[in-house]
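Peer 1: all I have is the shape, not the residue letters:
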Ligand code: GLP
């Protein structure tokens, strides 16, 4: 695992956007796995700026989701589908058929999970998966104690994650769905390159446990230690526990 300490979130965004641009120059139709939350926003902004400046042609890039809430009404602005469309797909000018994600409103959620896991493999696998980290060490929505071999499946969120995400739902934890679909840890580990970005002091403990602690289901992000090509990009504050 490679750990890169950058001065601030903006520098982290620039660094990762440069890595994505370099991948896309090598492989025009790369499959880019994206994450939601506040942390990756500087990556998307830096990448969109490169596209506007003509520094990289992303017109054939394909984008896929990491996870999704279950049961939000179709088109809900905080569904991860709507979020990724707004933050990544539209700013990059990509057509909708170059974007894939799990169906959080499917009647048979388990079937939707299996279909998405298969679709990722069928699309040739994820070339670069961008990850954030939860304050409890989760990646995607793989909460502590998720199997390190897990595939895409339905999960129940912890109270801590629902509280962390309440800010996207008018600070009302009751509005945060209880269930989610997430790529499993085993699914995530199938990506060719994992890039985890963490910024701010609130992530320092989770980063230290993931990078320097034992590989353990209790800290899902520690599974990155098992991957042959994992990069952890942290600002000074998130690196403060290392
Ligand atoms: C959610 C997402 C994760 C993300 C995490 C941290 O739980 N499912 O993919 O890493 O939030 O979000 P933030 O970057 O806003 O702290």
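Peer 2: Here it is on my side, so go on. These figures come from a predicted structure and were not determined experimentally. Numbers count the residues shown, from 1 in each chain.
Peer 1: quick one: contacts of stretch 164-173?
Peer 2: For stretch 164-173, contacts defined as Cβ atoms under 8 Å, 6 or more residues apart in numbering pick out 78, 134, 135, 157, 159, 162, 163, 175, 176. Every residue, glycine included, has its C-beta placed from N, CA and C.
Peer 1: ok, now stretch 55-66?
Peer 2: Stretch 55-66 is contacted by residues 21, 24-25, 28-36, 47, 50-51, 80-81, 84, 88-89, 92-94, 98-102, 120, 123, 126, 129, 131, 140, 182-183, 188 when judged by Cβ under 8 Å, 6+ apart.
Peer 1: how about a cut-off of 6 Å?
Peer 2: 21, 24, 28-35, 50-51, 80, 84, 88-89, 92, 98-101, 140, 183 (Cβ atoms under 6 Å, 6 or more residues apart in numbering).
Peer 1: tell me which residues in that stretch are buried?
Peer 2: By 16 or more other Cβ atoms under 10 Å, the buried positions in stretch 55-66 come out as 56, 58, 61, 62, 63, 64, 65, 66.
Peer 1: in the protein, where's the longest helix?
Peer 2: helix 9-26 (DSSP state H).
Peer 1: elements contacting it?
Peer 2: Other helices and strands packing on helix 9-26, by 3 or more Cβ pairs under 6 Å, 6 or more residues apart in numbering; DSSP states H and E, are helix 41-52, strand 230-235.
Peer 1: output the contacting helices and strands for the helix or strand following that helix.
Peer 2: Using DSSP states H and E, the next helix or strand after helix 9-26 towards the C-terminus is strand 31-34. Where contact means 3+ Cβ pairs under 6 Å, 6+ apart, strand 31-34 is packed against strand 62-65, strand 128-131.
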